[in-house]
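Asks: Got a predicted model here, sequence first, then my questions.
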Amino acid sequence: MTEFIGVAAVAVVAWFAAGTIWNVRKGSALMRWMQGGLSVLGGRTTVRWLGSTAVEMVLSDAKAPFAAVTLVIFLEPRDLPWWPISRARERRDTLIIRGMLRRPPQVEFEALDPASWSGRDARSCSDAKFSASASWAAVMSITFTDCEKGRRL
């Protein structure tokens, strides 16, 4: 019994180490890929790893119309032994872009993939003011209807 517990502990630690290395490499590759486009949003970027499955990128001196821009990359939990279960439930790497505008917007807009784990959750919580329309690359966009002006944006 003691041998089994020892082998199981070594297996869990090995999985965690391999998954963490995999996520760090995947996150670094994603950041290199995004590097060319970040200058469109703002100046210098501060990168901070939030554990082994999330990276936060804060852009200083954001360009108009933004006052601040933050990008958060959520990676699959490859460092956890139950990662295959998360993957089977269609949890994938996710990029969230948060932009704080310099002036209040006249309308709101949210774009998401309704097949993603966060997209399914957001759609289940949204109210009737949202409607879905197909967009490029099999991504669905959620368009806000401005009820005051009675127009679809």
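Replies: On my side now, so go ahead.

Asks: now what about stretch 54-66, what contacts it?
Replies: For stretch 54-66, contacts defined as CB atoms under 8 Å, 6 or more residues apart in numbering pick out 27, 30-31, 34, 38, 40-50, 68-75, 99-103. The way it works is simple: take the backbone N, C-alpha and C, and place the C-beta from them, glycine included.

Asks: And the protein, split by domain according to the record?
Replies: As given by automatic domain parsing, the domain ranges for the chain are 1-101, 105-153.

Asks: how close does Gly36 sit to Val13?
Replies: Counting by CB to CB, to the nearest Å, the gap from Gly36 to Val13 is 37 Å.

Asks: Same check on Pro105?
Replies: To Val13, Pro105 is 48 Å away according to CB to CB.

Asks: taking the contacts of stretch 54-66 one by one, which sit in helices?
Replies: 27, 30-31, 34, 38, 40-41 (DSSP state H).

Asks: Buried subset of those, written for PyMOL?
Replies: Only the buried entries of these go into this PyMOL selection, using 16 or more other CB atoms under 10 Å:
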select buried, resi 27+30+31+38+41
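
Asks: Put together JSON lines for the ones in helices among the contacts of stretch 54-66, with distance to Ala88 and pLDDT on each row.
Replies: Shown next, in JSON lines, are the ones in helices among the contacts of stretch 54-66 (distance: CB to CB, whole Å; pLDDT from 0 to 100):
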{"residue": "Gly27", "distance to Ala88": "22", "pLDDT": "93"}
{"residue": "Leu30", "distance to Ala88": "23", "pLDDT": "91"}
{"residue": "Met31", "distance to Ala88": "27", "pLDDT": "91"}
{"residue": "Met34", "distance to Ala88": "28", "pLDDT": "90"}
{"residue": "Leu38", "distance to Ala88": "33", "pLDDT": "88"}
{"residue": "Val40", "distance to Ala88": "36", "pLDDT": "88"}
{"residue": "Leu41", "distance to Ala88": "34", "pLDDT": "88"}
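
Asks: Generate CSV for the ones in helices among the contacts of stretch 54-66, with distance to Ala17 as supplementary columns.
Replies: Shown next, in CSV, are the ones in helices among the contacts of stretch 54-66 (distance: CB to CB, whole Å):
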residue, distance to Ala17
Gly27, 16
Leu30, 21
Met31, 21
Met34, 26
Leu38, 30
Val40, 37
Leu41, 34
